[in-house]
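Trainee: what's the 3D shape of this:
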Amino acid sequence: MASAAAAAAARKILGCLRPLRSSSASLVSRRLWPKDCVDGVGPRFVEDGLACPSSSRCFSAWRASSVTLKSDGDLDVAEVAPFPGARIMYTEDLQFVTETSPSTVPCFRVLSENGEELTKHFSEPDMSMAQKMYEQMVALQVLDSVFYNAQRQGRFGFYATCTGEEALNIACAAALRDNDSVFPQYREPGVLLWRGYRLQEFADHCIGNYQGHGKGRQMSIHYGSNKLHYFTVSSVLATQIPHAVGAAYSLKMENKQRCSVTFFGEGAASEGDFHGAINFAAVLEVPILFICRNNGWAISTPASEQYRGDGIAGRGQAYGVKSIRVDGNDALAVFSAVKAARQLAVENNQPVLLELMTYRVGHHSTSDDSAKYREVAEIRYWSERRDGVARFRKWIESKGWWDETVDEQLRKDLRTEVIACLAAAEAKEKPPLSDLFSDVYDSLPKSLEEQEKLVRQAVQNCPQMYPTDIPL
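Mentor: Predicted coordinates:
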């Protein structure tokens, strides 16, 4: 029989440990929701695994007991292993952990496909915000339509739409604070639009004139804005994820009460950058949201060929990160989940992983023909029956906040504006040749000065080989 002191030490250790269990009925989860939510219920975040908030004190208690802990009748005590690499308990059963969970992480939703509320436990935007959210979704649709066709006409070189993911874009943006640092992939222009990036700025950048953000040195969709806390897009997969963790660590050190947010697809989550970054975030306990847009396709690679486990949300527990899976085509569900996740991240200095389930209706980019690797019927099903914008519109119409007449006029006005912005962008002057070498160093190094001199000599020697609309 263990002594009373040893039993007390055992209780202290076991009280800190929350072992994960395999049965779906005992899946470790806790309802976490902003303080103002009705009854404190809402989206469920899967817990961050085995936790011991005071591991060093527990270890001291274990050493002080110096006993092998057994059952004492009232307290079911297992022997605790003191290995520094994990907080575990011993077992005499030789049993392998299964490769998949008995049940998948559930997908949180609020609206049915017909726009009907399935629950009352969600963060509901007021009329003004809901109308703005829908207007911005429509603006994204119109922007993509006009710009995609403009690229096909040869007016600029490259474009990628967010068709099918507009609701996700805007709902995320609306739930964040405008000064949260965003590290995008390349399919989140809605965040910029929500924060005040003008349609003319989108056009200037894609055309590559002197007023464009990239000054003609970036790909067409590589938007960015220091003023709007939106870091410039890089098409290289997953490089933004470690950067976002570093930014979150800085926000924590400076006690800014803000969070860092990084977007990526399920394909990018196969990159090593994702795994290294989320582990750093968990260990350093930084305020960051990892938002995965799981749209089913990494260019032509289906999700079924990306992973064997339970999607992306299922990886959270392995890294000690709270996670949630959300219907990404349900704007209210996304808005509610991101708002709750942001509160968790900022108030507790902890990372949160959100997997937003959606579908990429458009081609991966203008360099892609998705009909070569997926059925047209599949695309039509998602665009006609599972569209997130249409679902959100049904909800605001049921509230009496929208109607067909207003919708038609909005789409007409936006199309006219986007076309005018594109024409205005084309009429503007191109960036000067000197901009090829500026904006990297505070003062131009000698090596770049020599390169600029060589380029100017080449233009002077062979003027017919260079465009005439670029100021020298």
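Trainee: ok, Glu355 - contacts?
Mentor: Residues counted as contacts of Glu355 (Cβ atoms under 8 Å, 6 or more residues apart in numbering) are 105, 266, 292, 294, 311-313, 323-326. Any C-beta I mention is one placed from the backbone N, CA and C, and that applies to glycine too.
Trainee: quick one, phi/psi of it?
Mentor: Backbone geometry at Glu355, expressed as degrees, to the nearest 10, gives phi -110, psi 110.
Trainee: May I have the predicted confidence score for the closest residue to it other than its chain neighbours?
Mentor: Nearest non-adjacent residue to Glu355, counting by Cβ to Cβ, 6 or more residues apart in numbering: Ala313, 3.9 Å away. Per-residue pLDDT puts Ala313 at 97.
Trainee: related to what we said a few turns ago, of all the contacts of Glu355, which two lie farthest apart?
Mentor: Spatial extent of the contacts of Glu355 (Cβ to Cβ) is set by the pair Glu266 and Ile324 at 15.2 Å.
Trainee: Counting neighbours around each, name which of these two comes out higher.
Mentor: For Glu266 versus Ile324, neighbours defined as other Cβ atoms under 10 Å are more numerous around Ile324 (27 against 23).
Trainee: and the gap between the more buried one and Ala318?
Mentor: Distance of Ile324 to Ala318, given as Cβ to Cβ, to the nearest Å: 15 Å.
Trainee: just for this structure, where's the confidence low?
Mentor: By pLDDT under 70, the low-scoring segments of the chain are 1-42, 48-79.
Trainee: Regarding the one residue sitting closest to the centre of it, what is its secondary structure?
Mentor: Closest to where the C-alpha atoms of the chain average out (Cα atoms, centre = their mean) is Ile291, at 2.4 Å. Classification of Ile291 using DSSP: H, G, I helix; E, B strand; the rest coil returns strand.
Trainee: ok, which stretches of this structure are helices?
Mentor: Counting by DSSP state H, the chain has these helices, from start to end: 4-16, 55-65, 127-152, 166-175, 189-195, 199-207, 240-253, 272-284, 316-319, 331-348, 376-385, 388-398, 404-427, 446-461.
Trainee: so of these, which one's packed in deepest?
Mentor: Highest mean neighbour count among the helices of the chain (mean count of other Cβ atoms under 10 Å): helix 166-175, with a mean of 28.
Trainee: From the contact counts, what lies against it?
Mentor: helix 127-152, helix 189-195, helix 331-348, helix 388-398 (3 or more Cβ pairs under 8 Å, 6 or more residues apart in numbering; DSSP states H and E).
Trainee: which other residues reach it?
Mentor: Contacts for helix 166-175 (Cβ under 8 Å, 6+ apart): 123, 125, 129, 132-133, 136-137, 140-141, 162, 187-191, 193-195, 261, 263, 291, 293, 328-332, 334-339, 342, 356, 358, 388-389, 391-392.
Trainee: how about the CA coordinates for it, as CSV?
Mentor: C-alpha atoms of helix 166-175 as CSV (Å, rounded to 0.1, in the frame of the first residue of the first chain):
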residue,chain,number,x,y,z
GLU,A,166,-15.7,33.9,-52.2
ALA,A,167,-17.8,33.3,-49.1
LEU,A,168,-14.8,31.9,-47.2
ASN,A,169,-12.6,34.9,-48.2
ILE,A,170,-15.0,37.6,-47.0
ALA,A,171,-16.2,35.8,-43.9
CYS,A,172,-12.6,35.3,-42.7
ALA,A,173,-11.8,38.9,-43.3
ALA,A,174,-14.9,40.2,-41.5
ALA,A,175,-14.1,38.1,-38.4
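Trainee: got the CA coordinates for stretch 98-105 in CSV?
Mentor: Extracted in CSV, the C-alpha atoms of stretch 98-105 (Å, rounded to 0.1, in the frame of the first residue of the first chain):
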residue,chain,number,x,y,z
THR,A,98,-4.3,2.9,-35.1
GLU,A,99,-3.4,4.8,-38.2
THR,A,100,-6.8,6.5,-38.3
SER,A,101,-9.2,7.8,-35.7
PRO,A,102,-12.4,5.9,-35.1
SER,A,103,-14.3,9.0,-36.0
THR,A,104,-13.4,12.0,-38.1
VAL,A,105,-13.3,15.6,-36.8
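Trainee: Can you list the buried residues in that stretch?
Mentor: 101, 105 (16 or more other Cβ atoms under 10 Å).
Trainee: centre of the chain versus it, how much separation?
Mentor: The chain centre lies 24 Å from the centre of stretch 98-105; the measure is Cα atoms, centre = their mean, to the nearest Å.
Trainee: Make 324 the starting number, not 1.
Mentor: Let's use 324 as the start, then, which means that last one is stretch 421-428.
Trainee: Could you check how far Asn652 is from Ala591?
Mentor: Distance of Asn652 to Ala591, computed by Cβ to Cβ: 20 Å.
Trainee: Which of those two has more residues huddled nearby?
Mentor: Between Asn652 and Ala591, counted using other Cβ under 10 Å, Asn652 has the larger neighbour count: 28 against 22.
Trainee: In contact with the more buried one, which residues?
Mentor: Residues in contact with Asn652 (Cβ under 8 Å, 6+ apart) are 487, 490-491, 680-682, 709-711, 714.
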